[in-house]
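A.B. asks: Just a sequence and a predicted model for now, questions to come.
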Amino acid sequence: MNQNSLSAHEHPIQKIFSDDYVFRIPDYQRPYSWTTVQACELFDDLFDASSSSSAEVSDRPSYFLGSIVLVKPEGPDAGVIDGQQRLTTLTILLSAIRSTIPEQATRDQFTGYLYAKGNLLAGTKDRFRLTLRQRDAAFFRDYVQREDGFPKLIALETQLVDSRRNMRDNARLFKQRLANLGSEQRIQLAQFILQRCYLVVVATVDEDSAYRIFSVLNSRGLDLTATDILKAKIIGAIGEAERDDYNKKWEQAEDELGREDFNALFGHIRTIYRKTKAKETLLVELAKSVPALKVPDQFIDHVLLPHSEAYADVNRAQYAASSHAETINEHLRWLNRLEFSDWIPPMLAYIVRHRNAPERLSRFVEAIERLAYFMLAVRMNVNDRIDRFGRVTAAIEGNSEFADMSALDLTPFERHKFYAALDGPLYDELSVKACTTLLLRIDRFLADGVATYSAEHVTIEHVLPQTPDAQSQWVKDFSDVTVRQQWVHRLGNLLLLSRRKNSKASNWDFEKKKHAYFGMKANVSDKAVTTFALTSQVLLASEWTAESLAQRQTHLLATIEKQWHLEGRSADDDTPP
């Protein structure tokens, strides 16, 4: 192949996994990321294609698996720019089939497609058809390519990083699928994969050419993320002497967060710098907004790594410090319950700058939680949320003192809106998820921070039913339909249950409902059996009328007013903060 040449040839898998190619995944490539969703789709497609004809395997219609992009100057050595997911998954599948074969001679034939065994007398070593990036290479060799590795991989129960967990889970999937086939079907599937499945191999002599091809293919639908492309550009631009160290830093951050959260982190970094809703692709906006990207090592050291560490603290609510840590993590846990994440960029920006000032951080996270729950209660739209949190981020970057961050505080008018929303028909105005989150937060206030919530299912129950039976005590106690409608969806009439609702029980009269449904033990009048303070209050009530509802509403709002500092409300001033 001459210096400027590019080749594209269609080859069957038996040639791909032969001495003609020794594939290597560069260390700066993304980790193996196919889950059982993609692996299952591949297996089903291959099996369906292999079973579509009764002809001899060699005469069956061919199956196209797509293309791979390689840097391959001379000889068999080939750096994989695109295609590692398919190559890796096909290797796992061949290893899975091999594990079902009882005859040693046939197993050896399968092994020949996974690696060429060395020769002691000739002084040659084992040569593996595919070598993954350095962090996963030994794991892949020992558990997938070696003859005795597959059963060990299936049995692995230890905690694994994403790439290795994907290998194990896909191996288990293939084992399960193959168990449903007869031995002849398994051999025919392997024959079909090796003989009739094809890849187009696009090879060039240098990385620049390969990445140009890779970018074109990616723009036409390959399953690569913006983070993968960004990594290739950033790590590829670092000098060869330092490239490996920075690649390890990048991958360690990705492993610690997990691939999904690591990808999300770049969206939050974009928002920190951009402070507006996305209008272009992530890659374009990062390039326009983040100056450090022009100096790749500085971007990794001063942007990616500190924000990655902060994101781990935020996501897991595991900030560590000698003081205020539990208070900070408590607020983070409640922020993480929200159905939106627009608060994360300013939170990351603040932690990166003030990680070692836990007292300041504690006050900040308390204030940002209040602001976020205000947005939840008043149903602020996404554009307004992003704009408001963007102004908070701008104040942080301007080194404003905490007291000067007006965008973080609630104006008297906003405190009025917050209070009015809490005093209104919450269940009717909010989504069930948002209402549940808000009630759980209020319940925590009532419990003085003692309660914990681990129930898988938390549901909202109306004490006064939404549609009471015509002959029930509810209709007698709330004979005025207008009054009944005024109270049914308000905070005072709502409580929480840690199990699924019984629709029939929802309409029972108060005493029966209280004892049989809300969780009070029979013949016990002073001890409620429930984890929720909101529910315990109801269990201790002797009646449920408009008057008792009004008293409960007043008490709950007073508690919230104190906790979220809603004093000084005013309906007269709508001036933005």
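C.D. replies: Structure's in. What do you need?
A.B. asks: which parts of the one helix or strand E10 maps to are buried?
C.D. replies: Using DSSP states H and E, E10 falls within strand 6-12. For strand 6-12, the neighbour count (16 or more other C-beta atoms under 10 Å) marks H11, P12 as buried. Backbone N, C-alpha and C define where each C-beta goes, glycine included.
A.B. asks: now swap in stretch 301-313 and tell me
C.D. replies: Within stretch 301-313, the residues that count as buried by 16+ other C-beta under 10 Å are V303, L304, H307, S308, E309, A310, Y311, A312, D313.
A.B. asks: Ok, stretch 282-298 next?
C.D. replies: Within stretch 282-298, the residues that count as buried by 16+ other C-beta under 10 Å are L282, E285, L286, S289, V290, L293, P296, D297.
A.B. asks: Tell me which of those residues fall in helices.
C.D. replies: Members of the buried residues of stretch 282-298 lying in helices (criterion: DSSP state H): L282, E285, L286, S289, P296, D297.
A.B. asks: Which residue ranges make up the domains of this protein?
C.D. replies: Following automatic domain parsing, one finds the domains of the chain at 6-224, 233-422, 426-563.
A.B. asks: ok, L539 - how many residues close by?
C.D. replies: L539: 20 surrounding residues under other C-beta atoms under 10 Å.
A.B. asks: I figured it was touching K514, is that so?
C.D. replies: Yes. Look at L539 against K514 with C-beta atoms under 8 Å: they come within range, at 5.8 Å.
A.B. asks: Quick one, which of the domains of the chain gets closest to A571.
C.D. replies: Nearest of the domains of the chain to A571, taken as C-beta to C-beta: domain 233-422 at 4.8 Å.
A.B. asks: Could you pull out the strands in this structure for me?
C.D. replies: Assigned by DSSP state E, the chain shows strands spanning 6-12, 22-24, 63-71, 77-82, 115-116, 127-128, 130-131, 197-204, 459-462, 494-497.
A.B. asks: In this protein, which helix is the longest?
C.D. replies: helix 358-377.
A.B. asks: now for that helix, which elements pack on it?
C.D. replies: If you count contacts as 3 or more C-beta pairs under 8 Å, 6 or more residues apart in numbering; DSSP states H and E, helix 358-377 packs onto helix 325-336, helix 344-354, helix 382-397, helix 412-423, helix 432-446.
A.B. asks: can you map out the helices along the stretch 1-150 of the chain?
C.D. replies: Taking DSSP state H, counting those that start in this stretch as the test, the helices found in the stretch 1-150 of the chain are 13-16, 36-50, 84-99, 104-114, 134-140, 149-155.
A.B. asks: The stretch 201-350 of the chain too?
C.D. replies: According to DSSP H, counting those that start in this stretch, the helices that the stretch 201-350 of the chain contains are 207-219, 226-236, 240-257, 259-274, 282-289, 296-299, 305-316, 325-336, 344-354.
A.B. asks: low-scoring pLDDT stretches of the stretch 1-150 of the chain, where are they?
C.D. replies: Along the stretch 1-150 of the chain, the model assigns pLDDT under 70 to residues 1-6.
A.B. asks: 90 instead, please
C.D. replies: By pLDDT under 90, the weakly predicted segments of the stretch 1-150 of the chain are 1-9, 26-31, 37, 45, 48-64, 66-75, 81-82, 117-126, 134.
A.B. asks: Check what pLDDT V202 gets.
C.D. replies: Turning to V202, the model gives it a pLDDT of 84.
A.B. asks: so how far is P12 from it?
C.D. replies: 16 Å (C-beta to C-beta, to the nearest Å).
A.B. asks: so where's the stretch 301-450 of the chain uncertain?
C.D. replies: Counting by pLDDT under 90, the stretch 301-450 of the chain shows low-confidence ranges at 381-383, 398-407, 428-429, 431-433, 446-450.
A.B. asks: Just grab the bridge partners of E10 for me.
C.D. replies: Beta bridges link E10 to V200, judged by DSSP bridges.
A.B. asks: Touching, it and V200? I think so.
C.D. replies: Yes. Taking contacts as C-beta under 8 Å, E10 lies within contact range of V200: 5.2 Å.
A.B. asks: Kindly compare burial across the helices and strands packed on helix 358-377 and name the winner.
C.D. replies: The highest average neighbour count among the helices and strands packed on helix 358-377, using mean count of other C-beta atoms under 10 Å, belongs to helix 344-354 at a mean of 23.
A.B. asks: Can you name every helix or strand that that helix contacts?
C.D. replies: Helix 344-354 packs on helix 259-274, helix 305-316, helix 358-377, helix 382-397, going by 3+ C-beta pairs under 8 Å, 6+ apart.
A.B. asks: Skipping its backbone neighbours, what lies nearest I368 in space?
C.D. replies: Nearest non-adjacent residue to I368, counting by C-beta to C-beta, 6 or more residues apart in numbering: W343, 5.7 Å away.
A.B. asks: again, but for V365
C.D. replies: Closest to V365 by C-beta to C-beta, 6+ apart is H331, at 4.3 Å.
A.B. asks: That neighbour against L371, yeah?
C.D. replies: No. With contact defined as C-beta under 8 Å, H331 does not count as touching L371 (11.5 Å).
A.B. asks: Who are the contact partners of R391?
C.D. replies: By C-beta atoms under 8 Å, 6 or more residues apart in numbering, the residues touching R391 are K275, A407.
A.B. asks: quick one on the thing from earlier: would TSV of the helices and strands packed on helix 358-377 with distance to F150 be doable?
C.D. replies: Output for those, formatted as TSV (distance: least, C-beta to C-beta, whole Å):
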stretch	distance to F150
helix 325-336	38
helix 344-354	41
helix 382-397	47
helix 412-423	58
helix 432-446	42
